[in-house]
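J.: Here is a sequence together with a model predicted from it:
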Amino acid sequence: QVQLVESGGGLVQPGESLRLSCAASGVTFSMYAMSWYRQAPGKERELVAAISRVSGSTSYADSVKGRFTISRDNAKNTVYLQMNNLKPEDTAVYFCFAIHWNTDNAGWGQGTQVTVSS
């Protein structure tokens, strides 16, 4: 079973940046497509960004395009989310998600809080 641990959240002011990390263990990381979701209070969890397992193809929610960048380092079993020009509406708990390319093996991290406030 994939195990995921996020880090890098915190409190920042509007316009500042954060980089989230998600470290995977217990699996062959390159077999998993990775993504970041977020959930704000009172709202449903939404997909923020995704990256394929080998080619590195990426996709983004319209609300973060041009500000967020997802990347992965298969040698370090880690996926990143670089968040620039943060806005108050980016405030949420951010979760990473992994899904195996050929089986139904998938898992969530425990989440990391990002708060954008002046």
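T.: Received it, and whenever you're ready, just let me know what you need.

J.: Can you list phi and psi of the residue most central in space within the chain for me?
T.: Averaging the C-alpha coordinates of the chain gives a centre point, and the residue nearest to it by C-alpha atoms, centre = their mean is W36 (2.8 Å). Here is the backbone geometry of W36 (degrees, to the nearest 10): phi -120, psi 130.

J.: V93 too?
T.: Backbone phi and psi, for V93 under degrees, to the nearest 10, turn out to be phi -90, psi 130.

J.: thought it was touching K43?
T.: No: contact between V93 and K43 fails when scored by C-beta atoms under 8 Å: they sit 10.6 Å apart. In this view, the C-beta of every residue, glycine as well, is placed from N, C-alpha and C.

J.: neighbour count winner among those two?
T.: Set side by side, V93 and K43 show more neighbours around V93, with 18 against 9, by other C-beta atoms under 10 Å.

J.: now that one: how far from K65?
T.: V93 sits 21 Å away from K65, taking C-beta to C-beta, to the nearest Å as the criterion.

J.: Looks like V64 contacts A50 (just checking).
T.: No: proximity of V64 to A50 does not meet the contact threshold set by C-beta under 8 Å, at 11.6 Å.

J.: what touches both of these two?
T.: By the contact definition C-beta atoms under 8 Å, 6 or more residues apart in numbering, V64 and A50 are jointly contacted by no residue.
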